[in-house]
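**Student:** fold the following for me, if possible:
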Amino acid sequence: MSYNREYKSDVFCMLLEDPMNALSLYNAINGSHYTEPEMVEMKTLDGGVSLSVKNDAAFLIDMNLNFYEHQSSVCGNMPLRNLIYFKTVIDQYIKGKHIYGTKKIILPRPHFIVFYNGKEGMPEYYEQRLSEAFVPGNEEPQLELICKFYNINKGFNEKLKVNCKFLDDYMFLVDRIRDEQIKNQGKTEDEMMEIIESVVDFCILNNKLKGFLINRREEVLKMYKLDLTYETHEKFLREELREELRPKLREELRPEVKAEVMEEVMEEVKAEVMKEVKAEVKEKVKAEVKAEAMMEARADIIRNLLDHKLTKEQILEFGYTKEEIDAAGFVSEN
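**Tutor:** Next up is the predicted model:
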């Protein structure tokens, strides 16, 4: 069986099918106060197919063309994807207009917004630019598209969620299900679906997306069922792939690992030999210093004896050599 999350329904996308919700989110983002959902003109691809590739919504309001997308995973190609979406909608917008004429065609102002609620830590707000994907050059990019990202996880953009109730309720549902999934790891799909159903019931009882969850309960549960099935399928595929790749990778990595181990062993042996040589040199230097100190001490004694007017013959009787006595400064009276 083949699974593709790109085409599964999504609660966020389903919520934005309602012009009132789209208007509410638009107001929260822009600080505007539109109240008439009739002003919202939803946009689709040719043939009535939803613009969404994954979790997207596009709508026009007061000549502002908005592309809203929800993501639970980080994607570095959002500007490129939105460029394709924009081109598709603009093709429809200018259909029937004379683009080769002298009169300028006025276009709606585009806005590209991504609402992120994935598990990977991301900033509260950040941007991606299409120009970041261009081959590096010295000139200014002649085409630009900016995607604005809003992190809507708990603790981020709380003011935005306060100003848009359905967005706040949506994240309440998401966080509740996430918490239950963490607490109930190891449960079967059927057991998890029972838990998710209880979360949906809890949200309805607490007026969180109440009307939406009552009216579209089966669709929401079907979406989560598909999501669980996908995750289970993905888990099995990962395990199978790991087992398939392990022998191949062992052989491929062997030369690289051998070279790495060789380098590590060489460093270890080098440290050991360095320690041994250092100990040998240390003992040799100590012996040389000790001998030198001994010679200096004997010379001091000889000089002391000479100062006390002892003769060379008398000093020889103490065990000192003629060379030591001469080196200490003995001067013959003859």
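**Student:** hey, let's count contacts and neighbours off CA atoms from now on
**Tutor:** Fine.
**Student:** check which helices and strands the longest helix along the chain sits against.
**Tutor:** The longest helix of the chain (DSSP state H) is helix 217-307. Secondary-structure packing of helix 217-307 (3 or more CA pairs under 8 Å, 6 or more residues apart in numbering; DSSP states H and E): helix 189-205, helix 322-327.
**Student:** hang on, isn't Leu160 packed against Asn27?
**Tutor:** No: between Leu160 and Asn27 there is no contact under CA atoms under 8 Å: 9.7 Å.
**Student:** hang on, Ala58 in a strand?
**Tutor:** Yes: assignment of Ala58 by DSSP: H, G, I helix; E, B strand; the rest coil places it within a strand.
**Student:** measure it to Met262 for me?
**Tutor:** To Met262, Ala58 is 58 Å away according to CA to CA, to the nearest Å.
**Student:** please say which of those two ends up with more neighbours.
**Tutor:** Ala58 (25 against 12; other CA atoms under 10 Å).
**Student:** show me the contacts for the nearest residue to that one once chain neighbours are set aside.
**Tutor:** Distances taken as CA to CA, 6 or more residues apart in numbering place Phe67 nearest to Ala58, at 4.5 Å, with adjacent residues excluded. By CA atoms under 8 Å, 6 or more residues apart in numbering, the residues touching Phe67 are Asp56, Ala57, Ala58, Phe59, Asn82, Pro110, His111, Phe112, Ile113.
**Student:** for ChimeraX, what selects the buried ones among the residues you listed?
**Tutor:** To isolate the buried ones among those in ChimeraX, judged by 16 or more other CA atoms under 10 Å, type:
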select :56,57,58,59,82,111,112,113
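**Student:** nearest to Val220 among the contacts of Phe67?
**Tutor:** Asp56 (16.5 Å; CA to CA).
**Student:** how many residues are close by Glu280?
**Tutor:** Glu280: 12 neighbours (other CA under 10 Å).
**Student:** for Phe149, same thing?
**Tutor:** 22.
**Student:** what about it, helix or strand, and which?
**Tutor:** Using DSSP states H and E, the element containing Phe149 is strand 146-151.
**Student:** measure Glu272 to Gly76 for me?
**Tutor:** Distance, Glu272 to Gly76, by CA to CA: 48 Å.
**Student:** I meant to write Met20 there.
**Tutor:** For Met20, the distance to Gly76 equals 30 Å [CA to CA].
**Student:** same check, this time on Gln314
**Tutor:** Distance, Gln314 to Gly76, using CA to CA: 97 Å.
**Student:** show me which of Met20 and Gly76 is the more surrounded one.
**Tutor:** Taking other CA under 10 Å, Met20 and Gly76 do not tie; Met20 has more neighbours (18 against 12).
**Student:** now do the same contact list for that one.
**Tutor:** For Met20, the contact set (CA under 8 Å, 6+ apart) comprises Glu36, Pro37.
**Student:** same thing but 10 Å
**Tutor:** For Met20, the contact set (CA atoms under 10 Å, 6 or more residues apart in numbering) comprises Tyr26, Tyr34, Thr35, Glu36, Pro37, Glu38, Met39, Val40.
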